[in-house]
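Undergrad: fold the following and give me the result.
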Amino acid sequence: MNTMRKVSSTGQLTPTQEAALRAISMYKDQHGVAPTVQELADVLEIQPPSAYELLVRLQEKGYIQREPRKARTVTIVKSYNPRVRQMIEVPVIGKVAAGMPILAIENRIGEIMVDAMLVRGTCFALEVTGDSMIDVDINDGDFVVVRQQRLAETGDIVVAMRDGEATVKRLFIADHRIELRPENKRLKPIVISHEDESFAIVGKVVTVCSKADAIDKHKETMPWQHTV
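TA: Numbering: from 1, shown residues only. Model (predicted):
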């Protein structure tokens, strides 16, 4: 199955994971102890399950050690050295649901800085709402960077339109139907027939930026362009 490319500023960490590692270090410097899951979630302005998932990923990648089921046992065992990246602006043009489909807001609300190595073709960014993609570390408030294209392959994470509403899901194509599958075990896929003329792929998600990343919001508006 195809996997989505994520921004990595260290060679191993996504920006969200790097922000979590930095937050743990700063908290320990200020308080003399490691943060609890709830405290880390509060600092990063995310939900506790997402903060817990970040700790799991940091431990898997060898950046921290912790004792299971014990609070304040996080120890940083590996430092991070962000590489120098060439960054470019990608316009943020609205919101997209990672849950039930909602109508995307067709206004340009600002820009987000993205690694130039990851951006090819015409790209835009959308703010994610909902929790249906949390198992691939796409969380409520994150930004997905989307390359405009009308076609995609099974396994791609896409932004799709149906009945004028937008959603982000993993695409699965079978002989007689199309499924938009969530990455959340609690949720069911959206099944679409090949005869559904309201369905269209807007683009493929190429990377995800944490909501903690800088975004320059302004009042300039620009219509959301659906075509490639």
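Undergrad: name the helices or strands packed onto the helix or strand harbouring residue 29?
TA: Following DSSP states H and E, one finds residue 29 within helix 15-31. For helix 15-31, the packing partners by 3 or more Cβ pairs under 8 Å, 6 or more residues apart in numbering; DSSP states H and E come out as helix 37-44, helix 48-60, strand 75-76. For glycine as for every other residue, the C-beta is placed from the backbone atoms N, C-alpha and C.
Undergrad: how far out from the middle of the chain is it?
TA: Put simply, helix 15-31 sits 19 Å off its chain's centre (Cα atoms, centre = their mean, to the nearest Å).
Undergrad: from residue 128, how far out is the spatially closest residue to residue 57 that is not a sequence neighbour?
TA: Using Cβ to Cβ, 6 or more residues apart in numbering and skipping residues adjacent in sequence, the residue nearest residue 57 is residue 17, 5.7 Å away. Distance from residue 17 to residue 128, counting by Cβ to Cβ, to the nearest Å: 17 Å.
Undergrad: ok so, going back, ok, now how distant is the residue nearest to residue 57 from residue 61?
TA: In terms of Cβ to Cβ, residue 17 sits 8 Å off from residue 61.
Undergrad: kindly report the same for residue 137.
TA: Counting by Cβ to Cβ, the gap from residue 137 to residue 61 is 12 Å.
Undergrad: thanks again, I'm all set now.
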